[in-house]
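Participant: prediction below, plus the sequence it came from.
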Amino acid sequence: MSSEATNRPSQKLSRRGLRLTGIAVVTILVVTVVIGLIARATQAKSLKTWTQEQAVPTVAVVMPEPGKSGPVLDLPGQLQAYTRAPIYAQVSGYLKAWKTDIGTPVKAGELLGEISTPELDQQLQQTRADLASAKANADLAAVTAKRWQAMLVSDSVAQQDVDQRTADYTAKLAQMKAAQANVDRLEAAKAFARIVAPFDGVVTARDTDVGALINAGGGTGPELFVVSDIHKLRVYVQVPQRYGPSIRPGSSAVLTVPEYAGREFHAQVVALSNAVNATSGTTLVQLQVDNGGNQLMPGAYAHVRFDLPVDAAALRVPASSLIFDNAGLRVATLGTGGKVAFRKVSILFDYGKTVEIGSGLGADDRVIDSPPDGLKDGDAVKIATEDTMAKPHEKA
């Protein structure tokens, strides 16, 4: 009896322990499953939040800035002598001699060459002989008229005869003056046989030689010599119509030429054509540069740099902020509520890394730099902070 009573309580205890153990295991399993479900839900929510955050692009925003200095306009120019005179022959003949060659400095009136004029010399001799004959006839007519006037006092001759002798003297005197004028004309022409420099300068061309046949004529015949005054030079530049109003007489420019690399010459605007060439769309600007050392040569090519004035209304933005597509040239700005707003703009000047905007943008507009592809009007964006911008660098 005692052994059976002892076994019964132990069996009851073991069954109870097993039940408690089972309940504990089930509870643990349930808790584990619940924790797993909660963790998965939390992770899914976090992933959804992260995905939504990543769907909103992060952009860098810059503010338009006024220009601190004006644009630089670099244009090709042509150097010309301050004064250039092509020398043509005014009498025909043969070149007897030339006295100066190219590159020779000359003074005003200095002899450049001489023309032999045998035909003109013969004409001059003939006109001088005609003048002598006319003078003799005039002298004889004067004496005759004087005598007839003296005889008129004594009523020895008629008044009609005196008038005829006086008229003959007047005609002979006119013939003598005509002959004198003809001599003076040919002597003046003979003086042109001496070719002289019209002003102080340099002989920049000689297109004749001894024995060459010379034909008289202004711009029709060949140039015998060219004398140029190069103590100052004129510089001619074709300026685009857009920048014409920015360049006025008195404006300064910097001149560079290939033969003096790194050296600058200072020029000044002296005149403008005040007209636009319909073919090229440019206006002609004339500058003047000092050439006291005769280092610059007329006819040479030069680079002319204009430092244009600052446009107070113009704003500068990074060139990377520009968008050019089928909608035209635009920039993306950050509008109200962090939404994208596109603005159509026009460029005044391109500085490379930055551009000067002429219209379409205000000083208070926030411009998106390097806008991502696919950005549309009204899209929401986030502004990148310094920490955000540093993250890619830290990961790298």
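Facilitator: That came through, no problem. Residues are numbered from 1 along each chain as shown.

Participant: Val321 - how many residues pack around it?
Facilitator: I think there's a mix-up here, since residue 321 is Ser and not Val. The tally of other residues near Ser321 (other CB atoms under 10 Å) stands at 24. All C-beta spots, glycine's among them, are computed from the backbone N, C-alpha and C.

Participant: make that Val91, sorry
Facilitator: Val91 is flanked by 21 other residues according to other CB under 10 Å.

Participant: within the helices and strands, which one has it?
Facilitator: Taking DSSP states H and E as the definition, Val91 sits outside all helices and strands.

Participant: run through this structure and note the low-pLDDT ranges.
Facilitator: Along the chain, segments meeting pLDDT under 70 span 1-14, 16, 44-56, 217-221, 312, 386-396.

Participant: can you give me the helices in it?
Facilitator: Taking DSSP state H to define them, one finds helices in the chain at 2-55, 118-153, 159-191, 386-395.

Participant: dump these to TSV, plus mean neighbour count and distance to Ala81.
Facilitator: Shown next, in TSV, are the helices of the chain (neighbours: other CB atoms under 10 Å; distance: least, CB to CB, whole Å):
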stretch	mean neighbour count	distance to Ala81
helix 2-55	10	71
helix 118-153	15	32
helix 159-191	15	26
helix 386-395	9	60
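
Participant: hang on, isn't Gln78 packed against Val304?
Facilitator: No - applying CB atoms under 8 Å as the test, Gln78 and Val304 come out as separate, 9.6 Å apart.

Participant: what touches both of the two?
Facilitator: Counting by CB atoms under 8 Å, 6 or more residues apart in numbering, the shared contacts of Gln78 and Val304 are Val235, Val237.

Participant: which one of these two is surrounded by more residues?
Facilitator: The residue with more neighbours, out of Gln78 and Val304, is Val304; 24 against 15, by other CB under 10 Å.

Participant: ok, the residue nearest to Pro298 when sequence neighbours are not counted to Ser252 distance?
Facilitator: Nearest residue to Pro298 in three dimensions, chain neighbours excluded: Ala81, at 4.1 Å (CB to CB, 6 or more residues apart in numbering). Separation of Ala81 from Ser252 (CB to CB, to the nearest Å) stands at 22 Å.

Participant: do Gln175 as well
Facilitator: Counting by CB to CB, the gap from Gln175 to Ser252 is 66 Å.

Participant: equivalent analysis for Thr127, please.
Facilitator: The value you get for Thr127 to Ser252, if CB to CB is used, is 59 Å.

Participant: out of the helices of the chain, which gets nearest to Lys339?
Facilitator: helix 2-55 (14.8 Å; CB to CB).

Participant: just to check, Lys135 is in contact with Lys177?
Facilitator: No - the criterion here is CB under 8 Å, and Lys135 misses it with Lys177 at 9.9 Å.

Participant: what ranges do the strands span in the stretch 201-350 of the chain?
Facilitator: 201-206, 213-214, 225-240, 252-256, 265-272, 282-290, 301-307, 315-318, 322-325, 328-334, 340-344, 346-350 (DSSP state E, counting those that start in this stretch).

Participant: go through those and name the closest to Gln149.
Facilitator: Closest to Gln149 of the strands of the stretch 201-350 of the chain is strand 213-214 (CB to CB; 53.0 Å).

Participant: partners of the closest one in the sheet?
Facilitator: Applying DSSP bridges to the sheet, strand 213-214 is found paired with strand 93-98 (antiparallel).

Participant: what sits closest to Tyr236 if chain neighbours are left out?
Facilitator: Leaving out its chain neighbours, the residue that sits closest to Tyr236 by CB to CB, 6+ apart is Gln78, at 5.0 Å.

Participant: report the contact partners of that neighbour.
Facilitator: Val235, Tyr236, Val237, Gly299, Ala300, Tyr301, Ala302.

Participant: give me the buried entries from these.
Facilitator: Buried members of those, scored by 16 or more other CB atoms under 10 Å, are Val235, Tyr236, Val237, Ala302.

Participant: just give me the closest of the residues you listed to Ile247.
Facilitator: Val237 (8.9 Å).

Participant: give me the beta-bridge partners of the closest residue to the closest one other than its chain neighbours?
Facilitator: Counting by CB to CB, 6+ apart, Gly77 is the residue found nearest to Val237 once chain neighbours are left out, at 4.4 Å. With DSSP bridges as the criterion, Gly77 is bridged to Val237, Ala302.

Participant: where's Gly77 relative to Tyr236, distance?
Facilitator: Relative to Tyr236, Gly77 is positioned 6 Å away (CB to CB).

Participant: now stretch 252-264: buried residues?
Facilitator: Within stretch 252-264, the residues that count as buried by 16+ other CB under 10 Å are Ala253, Leu255, Thr256, Val257.

Participant: distance from that stretch to the middle of the chain?
Facilitator: Offset of stretch 252-264 from its chain centre (CA atoms, centre = their mean, to the nearest Å): 15 Å.

Participant: ends of it, how far apart?
Facilitator: 13 Å (CA to CA, to the nearest Å).

Participant: do stretch 144-163 as well
Facilitator: Start-to-end, stretch 144-163 (CA to CA) is 11 Å.

Participant: outside of it, which residues touch it?
Facilitator: Outside stretch 144-163, the residues that reach it (CB under 8 Å, 6+ apart) are Arg165, Thr166, Asp168, Tyr169.

Participant: go on, stretch 228-239?
Facilitator: 73, 75-85, 199-202, 204, 247, 255, 267, 277, 280, 282-292, 294, 296-298, 302, 304, 306.

Participant: buried subset of these?
Facilitator: Buried by 16+ other CB under 10 Å: 73, 75, 77, 79-85, 201-202, 204, 247, 255, 267, 282-287, 289, 291, 296, 298, 302, 304, 306, out of the contacts of stretch 228-239.
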